Structures are given as structure tokens and as C-alpha cells.
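Participant: Have a look; sequence and predicted model below, questions after that.
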Amino acid sequence: MLHFTVLLLLLSLTLPSTDASVFEGEPGFCSDDAKGYGPVFEDQPVDTIYPEESPEAKITMSCQARANPTATYKWRLNGWDIDLDDDNHYTLVGGNLVISNPIKNKHVGKYSCVATNNYGTVVSREATVQFGYLDLFSSEEREAVYVKEGQGAVLLCAPPPHYPDELSFRWILNEFPVFIPLDKRRFISQTTGNLYISKVDSSDSGNYSCFVSSSSIAKSVFSKFIPLVPLAERPIRKYPADIKVKFPDTFALAGQNITLECFALGNPIPQIRWRKMDGELPANHEVSMAGAHLHLYHVQYEDEGTYECEALNSKGKDWHRARVSVEAFPEWTEFISSTERDISSDYTMSCEASGKPKPHVHWLKNSHSYDKHDLKFSGLTFEDSGMYQCIAENRHGVIYADAELRVIACAPTFDHNPVKRRILGAKNGRVVLECKPKAAPKASFSWSKGTELLFNSTRMLIWEDGSLEILNVTRADEGRYTCFAENDRGKANSTGYLSITEATKITLAPSNADVTAGESARMQCAASHDSTLDITFVWTLDGRAIDFDREGSHYERNPNGGSSGELVIKNTQLKHSGRYTCTAQTPVDNVSSSADLVVRGPPGPPGGVRVEEIRDKSVRLIWSRGTDNHSPISKYTVQCRDSFSQEDWRDATTSPSDVEGNAETAMVVDLFPWTEYEFRVRATNTLGTGDPSSSSPKVTTLEAVPVVAPSDIGGGGGTSRELTITWTPVQPQYYYGRNFGYIIAFKPRDGYEWRKVTVADPEANHYVHKDSSIPASTEFQVKVKAFNSNGEGPYSLTAVIYSAQDVPSEAPTSVEARALSATEAIVWWLPVPQHTVEGYQVRYWRKVEDREPSSQRVVVSSRENQTRLENMRPNSPYLIEVRAYNAAGYGPPSHHFQIYTKKAPPSRPPKIISKKLKGTSVNIAWEHVEPLANESTIDGYKVLYRKAGLSTGMLYTTGKRSIDLPMPKDGDCVVEVRAHSEGGDGAVAQVRISGGAVIVAQSLSLACLLLVGLFCLLGL
């Protein structure tokens, strides 16, 4: 009777539902006809800047949505629908909005696109339309700027009205397009456009114009020229650093790049340094423009803080601080996605966004504000279907997330996902038969095996989603299984067959191994399995699957295949230590076995390196132990590098000198005072030395009195009544403190009291003492020592120098000269009988045409009493003077001696008239050259006979108008003929001689060339 009842129940479940017609005509059925979807934006409008002077009289705002059926579009301006019929400026092209002949006061604003179809409506992000412009500079003349040499200067740009704010600035010098180069002395602020010159010198004289460009509208303008007039000042004064370009408090968006500007006036040119007051400068920073720009790339929240720019030179320093605050554009941390939900079910639609300030979140449904704050649906209805938009915004921007919610209802159906026709299960294992029909609302489930209805038991469980789980399966569980699904709209069923296979078993498990880094290791693994199934072996290390393609240089599988999956680890590294798991798997089941591999090697890097007890020459270093990699640590090595050798790590001196392997601290000694250091630690064991730790935070040792004195003390020379003292400056690592400088002490040889002066420039290498009472060429003793804020160091060795000589007091006598040619002359004189003379300067200039200050000059040593004068003009009167000189200056000039240069040599070359072969020689003849009225008379001719390609050869001189020359034995020769006169050599004519042929370089006519070519063609 019980079997009969069960059979009736099964028959009733298999019968089709008779009440489905009640729901005909309702929306949301999950049938094949419901394949459409709501609009999804593929292209949305973007912020647009329309140049007021644009030749293209239209603006196009893009909008395109993917939808089925195709979407229709409309647009909104400032939240109001645009009536395309009411304004002929607007045209809809597809989904794009075209604005023709835009008008500034009518078409500026925020635009959004609305896309609609049967399934709902979505609104695009808002995009602004603005009109861009860059006016011309004022036509008023700019006033000249007068600045003393050595002082700083600021030239104001004052850009004209413009939109948008983003401009780039350059400066023109004297004429376009000559732009001034930027260096450590000159800087252009990209915020104000002003030009800053830290110290002005005479080369800065000129007219300057500010050149402004707007990339948004592709337009540039430039200002009226500003004359900059440097005023000479001797000596040039020095000025302390004075910061004129100061970066303001700045807001940056996370992920954005920002640039901070800082520039100072001063002489010497100030050095710019940057620091973050509450920590290290970000790792992703860069300093450029000789320190004037600090770039922070991909800004993060931890980069927030107070930044300081310090400018310093030998006369003083200045600093400026401002805060960088980091905020963030909204970003989704949880967003909505399109979904189908059963009618009458519960559903929560949630989205969350991060940002700074925290974004405000609100909702739209089909483009209309939705007054629910959290979208929790209890008992969904068809009216809840539609297009939903979650909108998050803060003062930095807005983001949108779109999703379609579709509420569906239908009877169960297995059309798209039937129960698998054949299911495999491993003997004594677990098997799950899935049953996932489409149904709305959710179906209730039951199962049968053959004609037997199944119920939950210790071996069988029907899950809530309809799947059937069977534990400890045996051959008796084989058979046909049917899943029955039913809801208030109908019922359906689907059948599959369960087959049982032999279970997979590990027959050879991997065993633990212990190796040294660089050696190889083997992990064995073998398994038995059902012969009807394929088996594969998967290896994992600490739960991560080994990628044999990517890590093939270290991992290799046994190539034998079959039931063995042996793993070979080649050239083991420390990273290969861990738990290895072999998994043998078939399409039905899998089984695993594990073993540990220990790889011994050098220690890992120590951690947490920090510095304490900072003194002038020592610090205490503290660290934490790293991994010993299975071999005890025997010792530690401390390394350091300072700000003067950024790239070179060196072993530091420690106390004690040997740091034992159980130590976690050491005193580092023999450091330089007032020097920035960073440290790292390396551990060593019997297998080697490991990688270094991360470097410690940078620290600066305390200041101390300098102990290194300047070297190479010397000097002497200079101008009259001066004492010049020189030295090699102390290297910066020996400054030992701030406000570093030098004390110079000097006294006459027989004096008792040392005179002392202070030089505050640490890079100075000389000092010139001017005193009208200093006798010339007098012996002085000098010494130099260093000082800083903590005191004075030791003096250098005492050196002996001499004060400057007096300039020679006598002029050379018996100055005479004569012209050698049209462009050269020779001059000679009697030397000045004074031992202090170091040499002579000869000046010469044309008596009428040239001015004496622009004269040509020749300098010779005191051992010479004559010299050649060159580059003179032909047929001209010249005045010549000679004066003696030494380090103190020039003595009085000699009397002027006047000469006349020769007339110019002939300007016309000889005309070659004859080339004749005479056995082993060739005769070259030419016409006589007639000189012009302003040229020298011909004295004869010079013939240079040389190999082709060489500049030297045999030179012949003749008064005739022909010459016999030997024929070359091999190769080509060139004959050069020129007229010779007292004014020099005239223009040259050339003849090339080649194997009996003679070619005149200057006289072959076109007819001759054609004739030669004809002979070649005829083979003559």
C-alpha cells in the first residue's frame, strides 16, 4: 500500500501544472522572449571649453547607450529639459547634442543626457560647457627696471583676463622666438608668470616680454617689452637669501601629481633645500629646476603634512613653510550591478563610496530622485523593476553606478540547466547531484531514485537550492535520480544517472627533505585510480599552485607520466622552503599528501633598524633579528653611507669591532660630525652573508669644532698694493657644523702681531687684502684656519708669500718695425732693464680708420724682444706701441712707431695657356698677370708641385712664364701657379697631371667635357 501511495505522488509531480494560465499577461516572465535590457552608457558627455575665437561654430556633446530595444535620447541643461523645437541652436544627432553658433550667455552650463527604453531610464554624468578666452596684454608701455649688479630682480608678468586658469609661461629676450633659458639663477613661476633673477649681472641687460599660452584654447599672447638695465657696482655686494616665490597651503587629490614652487634672490646664488617637517619626503618625489620645484607624484594620504623650503647662501638663509592637505575624489568601495530577482522575494541594493570629504550618496530610479536612503525591498513587485542609479559626490566630483533591477515570475523550467545526464561518484566518497531550474518565486524540491522517493537521512541531504548530497557512496547507489521542482506557478522535473567508480589513493607519499641552497631536491608521489578515468597530479607550495611554465627554471615534473607525479626542485632557493602538497585528481575525486622541504642558506635581512644616542662622532644602532634560514647567525656587519656619497655603502666601524650573532645593538663610531647618515645591517652564518636590511631613517650627527685646516696655502701677485692669499677649501664633510668659514692670519716677516680677517664663504679659496701702505714685493707669513658655530679649528702650516709687485716703471725704447707684406709686419725693441717684467704687450691699429681702444694685441714673454704682427690691412698706415707688464699691471707705453703695409698681392690667378708633354716631363705655361692699380708689382711666380691629397710638395720660384716638371711615376699630381709680389702671394691656378694627361682645374669648358666623353664612348 505504501509503494502505491509513493507512486501516486510521483505521478502527480510529473503532471504539468494546470494553474499557469492565471498569470498570463503579467510582466516579468522568465521566458525566452525577455532578452532585452535597459540602457547602459558607452559614451558620455565630458567637460568642454569652447574657444571664443574658434573657427568651428559648433559644440558636440557625446552620448551613446547600448540598449535593447534601442534607446531614445533627450538632454537637460542645468536640470531642465531642452526643447529642441524651441531653440534652433540645438540638434540631436543619434544621441549626441550639437550646439550650432553657441552663445556665451545662453549655452554655458551643466548638460546631462537622458537615455530611455522599455526597461527604464538612465541619466549621464553632468558635463559643463564654458567659453575659453585669453585677452591681449595691455598696450601701455612697461617701465624699465633698474637693478644693481648682484641684487635680485623680479619682472612682473600680470597676465591678461583669461579662462580657464591653467596657463603656461615663458619669457622672450629681445625678440621672438628667443626664450630665456632657465637655470639656478633664473626662474619663471608657473603660478604667477613672474620672472625671478636671483642675482643680476651685466649679461642680463635687454628687453623682456612675458609669453603666455593657454593649451585649452591653443592661443598665446605676449606683453610689451620690459627693459632690464643692470647698474654696474664695484665691488659687487653680496646679499643674503630672500625667498620670493612661496608655495601656498595646497590641497591635492589622492593619486594626483602636484608641484610646489620655491625660489630665492641672493648673492651668492642661494641653494634650495626641501624637507617634510613631520617625516621623510615621500619616496615618489623629485626635485628639479635647480631645487625650485618639488614634484610629488601619485600623492597619497600619508604625504599630507607641512613642507619646508630653505634657501641659504654664505650671507644668510631664509625659509618658508606651508601645508599640503590630501583629499580624494569619490571612489566606489561597493557598487550596484544589474540583477534579476524573484517576485515577492526580499532584496537589498547597496552602494558605498570612499572619499575625502566623505561623499554624499543618493539614488535615482528611471532618472527621478528616489526618496529611499537604503534600498531594502521586502516582497518585490513588478513595479520595483527599472533602471537604478547610485550617485556619490563630494566637492571634488561625482561618480555614477548604474544597474537594472528586473523582477521576474515563472514556473520551474529545466530548459537551460537540466540535471546532468551522467554523474560520476567515487566509491566511499561524497557526491552532489545539482538541481538548478529557473523558477520565480523560488521552487520547493524533492528527489527520487527510480520509483523510490528520497528523504533526508544521515547519508542523504536535499540542500535548500535543490541539490542532493550523498555520503559514503557505494555501488548500490548507482541508478536514475529525478529532481522535482514546484512553485505556485507550476512544476517540472529532470533526471540523471549516477555511476560509481573506484576511489583514488596515494600509494607513494612525498617525504620531508633538508637541503642547502643551490642543491636539488626530489618529492615522490604516486597514486592508484579507476582505470576508466584520467589522473593528473597537482603540486602546491604552502597552498599556492606551482606554475611550471613560469617557474620552469626551478621546478620539473617527472616526464614518465601515468600514475607517478614526482617533483624535482632544481637549484633550490630560500623561497622554496615550505610545505609541498601532491594532489592526485580524477574527474571524480582527488586525494592529497604533504611533506616539508627545508632549504638552508644565508640569513635573511634584519628588520626595524633605528638609530638612538646620536652624538657628534657616534650613534647607537638597534635592530631586530631576521630569519636565520635554518643556520645560526654568527655575526652582524653594520654599513653606512653619508650625504656626500649617496651611492656607496661602506662597512662602518663599530664598538665592539665584532658584533656577535646574538646581538641586536651596536655602537657605530668614527663618524663625521654634522653629517647626515643612514645605516643598514647584514647578517652572516656558516652558509654566507645575507641581504642587507632596509636602510634606517636618515639622522644627522651633532656639531663639533672643525679639526681639518685648509691646505696648499699660497698666494702673492695681484695688482699693486695688494696681498693675495690662496688656499684649497675644506671639503664639506669636514665642516662639522653650520656657519662654516675661514680665519686668515698674516704679518710681515719681521712683524710681531698677526693681522686676522674672516671669510664667511665656505667655498672661498682666496682673499685679497688691499692696503696702500703695503710695500711692493715684500715677504709675508700667512696661515689659515676653519671655524663654525662651535668654535675654531687648528691653523694650517705657515706659508711665505710676497705682496704684489709694482707695475713696470719704464717703457721699452728703440721701438722699430717694418712691413713684411700686405698683411704682416715685424716689430722689435730694447728690453726694459727691470727684473719684475714678466712680458711685453704690443698693440697696433690703423692710424685713421681704427680707434686705439679697439687695437689688435700680441703678448710675448720677457725673453723676447721682437714679434710678428698679422691680420693687417693692405696699403694702410699703422701705429705700433709696446709696453712691459707683470702681475701688477701694465707699465707706460713706448712712443708710437708708424709703418705702411704693402699693397695687396694680385687678386687674379695666372691663366694657364699651354700644357705640353716632353718625354718624361711636362711643360706648363701661363700668361703674365697684370696687377690692378691698388695691387703690388709682380716680382715673379711661385709653382708648387705636390701629390694630390697632400698640402706640401716641391716649391719652385721663377721669373719666367713657363716651367718644366717631371711626370709623376704613379698617382696624380697637382701644379699650383701664383704670382708673387712684395705684398705677398696672389690667387692660384691649378693643373692636375695624371699618367700623361693634363687637366686644367679652372679652364675646362663644356665643349671640352663633351669631347672627352665622345672619345670615351668611341673607345679612343
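Facilitator: Received the coordinates, thanks.
Participant: Could you pull out the buried residues of stretch 602-610?
Facilitator: 602-606, 609 (16 or more other C-beta atoms under 10 Å). In short, each C-beta sits where N, CA and C put it, glycine included.
Participant: Pick out the most distant pair among those residues.
Facilitator: Based on C-beta to C-beta, the longest span within these runs between 602 and 609 and measures 18.0 Å.
Participant: Residue 657: neighbouring residues, count only.
Facilitator: Using other C-beta atoms under 10 Å, residue 657 is surrounded by 8 other residues.
Participant: for the stretch 301-450 of the chain, which spans come out with low pLDDT?
Facilitator: Applying pLDDT under 70 to the stretch 301-450 of the chain flags the ranges 371-374.
Participant: helix/strand/coil for residue 105?
Facilitator: With DSSP: H, G, I helix; E, B strand; the rest coil as the basis, residue 105 sits in helix.
Participant: please renumber so the chain begins at 223
Facilitator: Sounds good: first residue 223 from here, last item residue 327.
Participant: neighbours around it, how many?
Facilitator: Residue 327 has 6 neighbours, counted by other C-beta under 10 Å.
Participant: quick check: longest strand of the chain.
Facilitator: strand 538-556 (DSSP state E).
Participant: Can you list the strands that it pairs with?
Facilitator: strand 472-475 (parallel), strand 527-535 (antiparallel), strand 574-578 (antiparallel) (DSSP bridges).
Participant: List the buried residues for that strand?
Facilitator: Buried positions in strand 538-556, judged by neighbour count with 16+ other C-beta under 10 Å: 538-540, 542, 546, 548-552, 554.
Participant: want to throw those residues into JSON lines with distance to residue 710?
Facilitator: JSON lines is the format used below for these (distance: C-beta to C-beta, whole Å):
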{"residue": "538", "distance to residue 710": "90"}
{"residue": "539", "distance to residue 710": "85"}
{"residue": "540", "distance to residue 710": "83"}
{"residue": "542", "distance to residue 710": "76"}
{"residue": "546", "distance to residue 710": "63"}
{"residue": "548", "distance to residue 710": "56"}
{"residue": "549", "distance to residue 710": "53"}
{"residue": "550", "distance to residue 710": "49"}
{"residue": "551", "distance to residue 710": "48"}
{"residue": "552", "distance to residue 710": "43"}
{"residue": "554", "distance to residue 710": "38"}
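Participant: hang on, the earlier thing: how about the longest strand of the chain as CSV, C-alpha atoms only?
Facilitator: What follows is strand 538-556 as a C-alpha-only set of coordinates in CSV (Å, rounded to 0.1, in the frame of the first residue of the first chain):
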residue,chain,number,x,y,z
GLY,A,538,72.3,84.0,5.3
LYS,A,539,69.3,81.8,5.0
ASP,A,540,65.5,82.1,4.7
TRP,A,541,62.8,79.5,5.0
HIS,A,542,59.1,79.1,4.1
ARG,A,543,56.5,76.5,5.3
ALA,A,544,53.1,75.6,4.1
ARG,A,545,50.7,72.7,4.5
VAL,A,546,49.8,70.1,1.9
SER,A,547,46.4,68.5,2.6
VAL,A,548,45.4,65.4,0.7
GLU,A,549,41.7,64.8,-0.1
ALA,A,550,40.1,62.4,-2.5
PHE,A,551,37.7,62.1,-5.4
PRO,A,552,34.8,59.7,-4.7
GLU,A,553,35.6,56.1,-5.3
TRP,A,554,33.3,53.1,-5.1
THR,A,555,34.0,50.6,-2.4
GLU,A,556,30.7,48.8,-3.1
